[in-house]
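**Student:** dropping a prediction and its sequence here:
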Amino acid sequence: RTKKDVHMEINNPEVIYKENLTKYNFTKNLTKHNFTKNDLLSSPDYYWVALSLLLGNEKSKNEKLAIHYLKILSDGGNREASHILGLIYENKKESDFTQVEMYYMRSFIQGNLYAINRLGLCYYQGYNTAIDFRKAFELFKLGYDLGNSLATHNLAECYRNGHGTVKNLTKAYELYQESIKMGNPYALVEIGQLYDHEFGQESNLTKAFEFYQLGAAFGIDDAYTFLGQYYYKGIGTKVNLKLAFQNFLKGANLGLVESIFNSAECYRKGHGTEQNPTKAAELYELCSMNHTQSKYILGNMNDQGIGTEAFQLWKRDADNGSKDAKYKVAICYLYGKGVGKDESKGFIYLQELLEDGYVDALIELSFCYADGRGVKQDIRKGFKYLKKAQKMAVPGAKEALEKIKRDHPIKTFLIYMLEQIIFMIK
């Protein structure tokens with residue numbers, strides 16, 4: 001879920017339902033009931049019946065019946081039902097966008113300002129329709145004129161990015177401020193970012209820090225990451241590793257990838273907390289699927305004896321096409337690190353890398369030939385690869401050549417003499 005999606009779902013019926021799931025739990029044996037139109041329109045509680053059928057537990061879910069009930073409620077003037085129908089059709093790939101537009105507009109006409117904002121978001125993000133910034137801008141503007149805080153926030157986004165209108169950071173700032181006054185604390189973080197770098201010469205890191213502080217005080221998840229970074233690096237305030245760690249940890253507990261990574265860094269380095277390599281490794285692993293740097297830090301930690309996941313991480317990335325990861329996998333096989341030693345596999349991986357243009361494999365291939373690892377020993381071929389590596393300016397090629405000469409002095413001398421004889425004959 002993106003940051004903007006979170007903004008959009010404040011006070012949405014779906015969120016309200018989830019927050020009140022225990023209170024309004026009508027899921028038991030609901031599918032055995034057949035409510036008439038009069039039943040559904042007689043009490044607002046039947047809206048929750050429909051939502052329970054739509055969002056309840058797996059045994060009681062019945063989307064077809066839920067939609068049937070919601071349509072009756074929508075036709076009867078229930079704005080929340082109209083909004084939920086808009087959400088349902090928005091998320092159905094095969095649905096006609098005219099249905100999405102119809103139900104959001106109906107909900108809006110019935111008095112739900114959040115619906116006009118959601119429709120604007122569909123055009124802004126391209127949800128089940130083509131992106132149309134101009135239409136999005138007009139819908140957000142309508143929501144702003146009617147006093148909706150989220151539409152005001154998104155209108156600020158349009159001015160900030162020049163989407164559907166001329167870029168105007170001053171106007172964006174003013175709208176974010178209005179959105180805050182309307183009760184939308186998410187705009188605090190956006191103003192922080194404006195002061196952070198987007199205002200150019202008028203940027204003010206101290207003010208950015210202050211707005212991130214306010215955002216964190218309101219529990220805005222992204223604020224914890226930014227505030228932690230400011231404390232960690234001493235941006236707009238004095239360095240305070242303890243407070244940096246505390247904010248990173250708050251963000252990590254909310255599932256923010258960058259905060260999880262930063263918390264792991266603090267545990268690994270002992271910054272703001274006691275050094276704890278095991279905890280660091282756990283957090284790196286937690287965010288490794290979505291954070292490239294964490295994968296390689298974790299891999300290096302495992303290579304030093306902390307955990308056993310390095311090989312699996314590199315193998316996964318190698319299978320997905322990463323040449324760097326494939327090289328690491330080859331080394332693991334050659335030296336038995338994180339996996340059973342298999343020099344033949346390691347050699348094959350290196351050969352494939354070289355064929356694929358990965359010239360860094362030349363040095364390790366030269367060692368394979370020189371030492372007979374995974375292939376029949378052929379020091380002369382090892383020298384050939386190293387000479388090629390030197391011509392291509394591969395780092396470490398010269399040192400690798402000296403190492404082979406030291407490790408195999410007699411054979412190196414014989415090869416040298418043979419080459420001299422061949423040269424003289426020619």
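**Tutor:** Here it is on my side, so go on.

**Student:** remind me which residues of the stretch 51-200 of the chain are low pLDDT?
**Tutor:** 52-53, 55-60 (pLDDT under 70).

**Student:** find the nearest non-adjacent residue to the spatially most central residue of the chain, please.
**Tutor:** In the chain, the residue lying closest to the centroid (Cα atoms, centre = their mean) is Asn290, at 5.2 Å. Here the nearest residue to Asn290 in space, its sequence neighbours aside, is Val257; by Cβ to Cβ, 6 or more residues apart in numbering that works out to 4.9 Å. Any C-beta I mention is one placed from the backbone N, CA and C, and that applies to glycine too.

**Student:** and Tyr195, how close does it get to Val189?
**Tutor:** 11 Å (Cβ to Cβ, to the nearest Å).

**Student:** ok, Asp75 next?
**Tutor:** 40 Å.

**Student:** looking at those two, which one has more neighbours?
**Tutor:** Higher neighbour count among Asp75 and Val189: Val189, with 27 against 14, using other Cβ atoms under 10 Å.

**Student:** helix, strand, or coil at the more buried one?
**Tutor:** Here Val189 is recorded as helix under DSSP: H, G, I helix; E, B strand; the rest coil.

**Student:** residues in contact with it?
**Tutor:** The contact partners of Val189, by Cβ atoms under 8 Å, 6 or more residues apart in numbering, come to Phe211, Tyr212, Gly215, Ile220, Asp222, Ala223, Phe226.

**Student:** same check on Cys368?
**Tutor:** Leu334, Glu343, Gly346, Phe347, Leu350, Gly374, Val375, Gly382.

**Student:** wait, the fifth one sits on Ala330?
**Tutor:** Yes. With contact taken as Cβ atoms under 8 Å, Leu350 and Ala330 are classed as touching, separated by 4.9 Å.

**Student:** shared neighbours, those two?
**Tutor:** Joint contacts of Leu350 and Ala330 (Cβ under 8 Å, 6+ apart) are Ala361, Glu364.

**Student:** the helices in the stretch 151-300 of the chain, which residues?
**Tutor:** Secondary structure of the stretch 151-300 of the chain, counting by DSSP state H, counting those that start in this stretch: helices at 169-181, 187-193, 205-217, 221-233, 241-253, 257-269, 277-287, 292-303.

**Student:** quick check: mean pLDDT across the last one?
**Tutor:** What it means is helix 292-303. The average of the pLDDT scores along helix 292-303 is 69.

**Student:** list the buried ones in the helix or strand that it is followed by?
**Tutor:** Using DSSP states H and E, the helix or strand that follows helix 292-303 in sequence is helix 310-319. Neighbour counts over helix 310-319 (16 or more other Cβ atoms under 10 Å) mark Ala310, Phe311, Leu313, Trp314, Lys315, Arg316, Asp317, Ala318 as buried.
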